[in-house]
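S.K.: Just the structure for this:
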Amino acid sequence: MALFVARHQHEAESCPAKNPEMGPMLLGHLSEENAAKYGISIHGEAVIQGQHTMYMILDAEDGGKVEEFMAPFAQAGSVEVLPATHCSTVVERQGC
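M.R.: Down below sits the predicted model:
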């Protein structure tokens, strides 16, 4: 398994949380049970207040699985999947 950070951002006008159908659907999509169907483990998620930006920290086999999992969010805005490393690994190898 590899570590990834996924970033989703959308415009205020297209905020899925405002949509009575899309908001609950996306929230259900983020469940641990659903993520497991993609072979993904969610370490954490957070939305930056007032910025319409969500970050997720995930474990997955590869970035393609994360992109597949994040695809529903692409309907509302951008999705970026970034390979990541734990801080302890960076210190061990003496650099980012």
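S.K.: His52: how many residues sit nearby?
M.R.: Neighbours of His52 under the rule other CB atoms under 10 Å: 19. To be clear about C-beta, it is placed using only N, CA and C from the backbone, and glycine gets the same treatment.
S.K.: What's the first helix or strand after the helix ranked longest in the chain?
M.R.: Longest helix in the chain by number of residues (criterion: DSSP state H): helix 63-74. Where DSSP states H and E defines the elements, the next helix or strand beyond helix 63-74 is strand 77-84.
S.K.: What is that next one packed up against?
M.R.: Counting contacts by 3 or more CB pairs under 8 Å, 6 or more residues apart in numbering; DSSP states H and E, strand 77-84 is packed against strand 2-10, helix 63-74.
S.K.: Buried residues, the first one. List them.
M.R.: For strand 2-10, the neighbour count (16 or more other CB atoms under 10 Å) marks 3-10 as buried.
S.K.: what does the helix or strand just after it contact?
M.R.: Next along the chain after strand 2-10, taking DSSP H and E as the criterion, comes helix 22-29. The contact list for helix 22-29, computed with CB atoms under 8 Å, 6 or more residues apart in numbering, reads 16-17, 34, 72-73, 75-76.
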